[in-house]
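Visitor: this one's structure only:
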Ligand SMILES: Nc1nc2[nH]cnc2c(=O)[nH]1
């Protein structure tokens, strides 16, 4: 396939490049094998060949090609309660609403219905890769993997491990540390088999829910499994003041230090939130190459402060964006880009250091940031990268300036589901709403 049109892609944290009138050539394996610019001598030849082979896709005037987004933190089973009970503190929200909902995923029919709805919604919002928390149930997590395989989303999925009887309800927990670890290993092996069977881009992820939910044996065992199978790890770290106090009381260590002690901070780890991370925690993240999933909408409810994106970035800590469905109400990474900018302004007002984020900064987080955290060659429109792409319409094209910087800001601020016309994962069309008004 060859796309013809204008595109935006992050060049650096501070700058998104606009490239007009290009041919983006995608090979059979879904990789961008060449980007031909209008000034290249063979532009017309490449275009003609694509037309002759009926593989030219022309992007209409006023629409742009962007890289697909990575959602670096999302709880798939919480989709049915997106936007509900967000006026409660985290601990109450978990115990009163979230654990009872997740417990329902024992029912595989229910799981299938919810997961189909969620993955369609994410694709329609331009999210081409997701890093998912599932539930404790191995089989329901496999349902999620099958749905992602079928609908074509790249997925990293974790069977949630939670076995600490002091912090989890008896109706929703792994029965013991042994069960948590055995089920995690079973999930890893079944995911490997499914991956081989379907050839889908699905990976299992070691997933201790968070330090309070897990016993020491489970935290240690999960660290060992991550090492044994060389897998990504995800959890929550320093999301709230309550979580930080809990770690200090139980271990006399900071939350990040506890995770590190059990081998859970590695270059394949993605820790959600981090609003309470200290400078020394950020140094530890840098040293271990652990990434942060910044979830600005969720943090406004549960985070007790704004995550210091600039400080983390300055310290070379990898960062991407997450929706945190359903701590965050919106499945849209666009909506989270907007909130990241707004929240950063509030941090700026209470901080001596630079904290403001620009549209280019948050676009970088949504694309390159997320892809780097997961070690995938996605998030850029460039030769050698996966063709994870979205065609997005600038709804104010006819009304407003056509300066590329302004178009870019409009796209970041105004794109909604209706303006996302097509989405591709590794060159495969996974969402098409051109027929809709
Ligand atoms: N936001 C959020 N924080 C958590 N900490 C432990 N579990 C959760 C969860 O489901 N959502």
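Guide: That came in fine, so what should we check first? These numbers come from a predicted model, not from an experiment.
Visitor: Please make it C-alpha for all contacts and neighbour counts, starting now.
Guide: Noted.
Visitor: Report the buried residues of the least confident helix or strand in the chain by mean pLDDT.
Guide: Lowest mean confidence among the helices and strands of the chain (mean pLDDT, DSSP states H and E): helix 90-93, at a mean of 93. Judged by neighbour count (16 or more other Cα atoms under 10 Å), helix 90-93 contains these buried residues: 90, 93.
Visitor: same for that helix, what does it pack against?
Guide: Using 3 or more Cα pairs under 8 Å, 6 or more residues apart in numbering; DSSP states H and E as the contact test, no helix or strand touches helix 90-93.
Visitor: can you list the residues that contact the helix or strand where residue 197 lies?
Guide: According to DSSP states H and E, residue 197 maps onto helix 177-198. With contact meaning Cα atoms under 8 Å, 6 or more residues apart in numbering, helix 177-198 is reached by 138, 142, 145-146, 149, 159, 161-163, 174, 200-206, 215, 217-218, 221-222, 225.
Visitor: do stretch 204-211 as well
Guide: In contact with stretch 204-211 (Cα under 8 Å, 6+ apart) are residues 133, 156-162, 184, 187-188, 191, 214, 218-219, 222, 225-226, 231-237, 247, 255, 258-259.
Visitor: beta partners for residue 12?
Guide: residue 15 (DSSP bridges).
Visitor: can you pull the pLDDT of it?
Guide: The per-residue pLDDT reported for residue 12 equals 97.
Visitor: Does it touch residue 364 like I think?
Guide: Yes. If you go by Cα atoms under 8 Å, residue 12 and residue 364 touch, sitting 7.1 Å apart.
Visitor: Between those two, which is the more surrounded one?
Guide: Set residue 12 next to residue 364 and count neighbours by other Cα atoms under 10 Å: residue 364 wins out with 28 against 13.
Visitor: Just after the helix or strand hosting the more buried one, pick out the following helix or strand.
Guide: Assessed by DSSP H and E, residue 364 sits inside helix 359-364. The C-terminal neighbour of helix 359-364 among helices and strands, as given by DSSP H and E, is helix 370-373.
Visitor: which helices and strands sit right next to that following helix?
Guide: Partner elements for helix 370-373 (3+ Cα pairs under 8 Å, 6+ apart): strand 69-75, strand 291-294, strand 319-321.
Visitor: Of all those strands, which one is nearest the ligand?
Guide: The ligand lies closest, by Cα to the nearest ligand atom, to one member of the helices and strands packed on helix 370-373: strand 69-75, at 6.5 Å.
Visitor: pLDDT on that closest one, on average?
Guide: Strand 69-75 comes out at a mean pLDDT of 99.
Visitor: in its sheet, what does it sit against?
Guide: Here, using DSSP bridges, strand 69-75 pairs with strand 127-133 (parallel).
Visitor: Which elements pack onto the helix or strand following the strand it pairs with?
Guide: Toward the C-terminus, strand 127-133 is succeeded by helix 138-151 as the next helix or strand (DSSP H and E). Counting contacts by 3+ Cα pairs under 8 Å, 6+ apart, helix 138-151 is packed against helix 108-124, strand 154-161, helix 177-198, strand 202-208.
Visitor: if we can go back for a sec, same question for the helix holding residue 197, mean pLDDT?
Guide: 98.
Visitor: can you check stretch 211-224 too?
Guide: On average, stretch 211-224 scores 98.
Visitor: And residue 43, how close does it get to the ligand?
Guide: 49 Å (Cα to the nearest ligand atom, to the nearest Å).
Visitor: Just give me the neighbour total for that residue.
Guide: Per other Cα under 10 Å, the neighbour tally for residue 43 reads 16.
Visitor: And for it, nearest residue in space, chain neighbours not counted?
Guide: Excluding the flanking residues, the one nearest residue 43 by Cα to Cα, 6 or more residues apart in numbering is residue 36, at 6.3 Å.
Visitor: quick check, the one you found in a strand?
Guide: Yes. Counting by DSSP: H, G, I helix; E, B strand; the rest coil, one finds residue 36 located in a strand.
Visitor: which residues touch it?
Guide: Per Cα under 8 Å, 6+ apart, neighbours of residue 36: 22-25, 43.
Visitor: now residue 222
Guide: With Cα under 8 Å, 6+ apart, residue 222 has these contacts: 181, 206-208, 264.
Visitor: Downstream of the helix or strand harbouring it, the next helix or strand is which one?
Guide: For residue 222, the element it lies in under DSSP H and E is helix 216-229. The element immediately downstream of helix 216-229 (helix or strand, assigned by DSSP H and E) is strand 233-237.
Visitor: Show me what the helix or strand following that next one is packed up against.
Guide: Using DSSP H and E, the helix or strand that follows strand 233-237 in sequence is helix 241-251. Helix 241-251 sits against helix 255-261, with contacts defined as 3+ Cα pairs under 8 Å, 6+ apart.
Visitor: Reformat the contacts of residue 222 as a markdown table; add distance to residue 385.
Guide: Output for the contacts of residue 222, formatted as a markdown table (distance: Cα to Cα, whole Å):
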| residue | distance to residue 385 |
| --- | --- |
| 181 | 35 |
| 206 | 26 |
| 207 | 28 |
| 208 | 31 |
| 264 | 29 |
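Visitor: now, which of the residues you listed sits nearest residue 112?
Guide: Checking the contacts of residue 222 against residue 112 by Cα to Cα gives residue 207 as the nearest, at 20.9 Å.
Visitor: Using the record's assignment, carve the chain into domains.
Guide: Using automatic domain parsing, the domain parsing of the chain gives 2-67+379-432, 69-373.
Visitor: So which of the ones you listed is the most surrounded?
Guide: Comparing the domains of the chain by mean neighbour count (mean count of other Cα atoms under 10 Å), domain 69-373 comes out on top with a mean of 21.
Visitor: what's the span of that one, first residue to last?
Guide: Across domain 69-373, the terminal residues are separated by 13 Å (Cα to Cα, to the nearest Å).
Visitor: For that domain, what is the distance to the chain centroid?
Guide: Chain-centre distance of domain 69-373: 9 Å, with Cα atoms, centre = their mean, to the nearest Å.
Visitor: Please see if that domain touches the ligand.
Guide: Yes. On the criterion Cα under 6 Å from any ligand atom, domain 69-373 is in touch with the ligand at 209-210, 236, 327.
Visitor: Could I get the full set of helices for the stretch 301-437 of the chain?
Guide: 309-314, 333-349, 359-364, 370-373, 404-414 (DSSP state H, counting those that start in this stretch).
Visitor: quick one: low-confidence parts of the stretch 251-400 of the chain?
Guide: Nowhere does the stretch 251-400 of the chain drop to pLDDT under 70.
Visitor: What distance do you get for whatever residue of it ends up closest to the ligand to residue 319?
Guide: Nearest to the ligand in the stretch 251-400 of the chain, going by Cα to the nearest ligand atom, is residue 327, at a distance of 4.6 Å. In this view, residue 327 and residue 319 are 19 Å apart by Cα to Cα.
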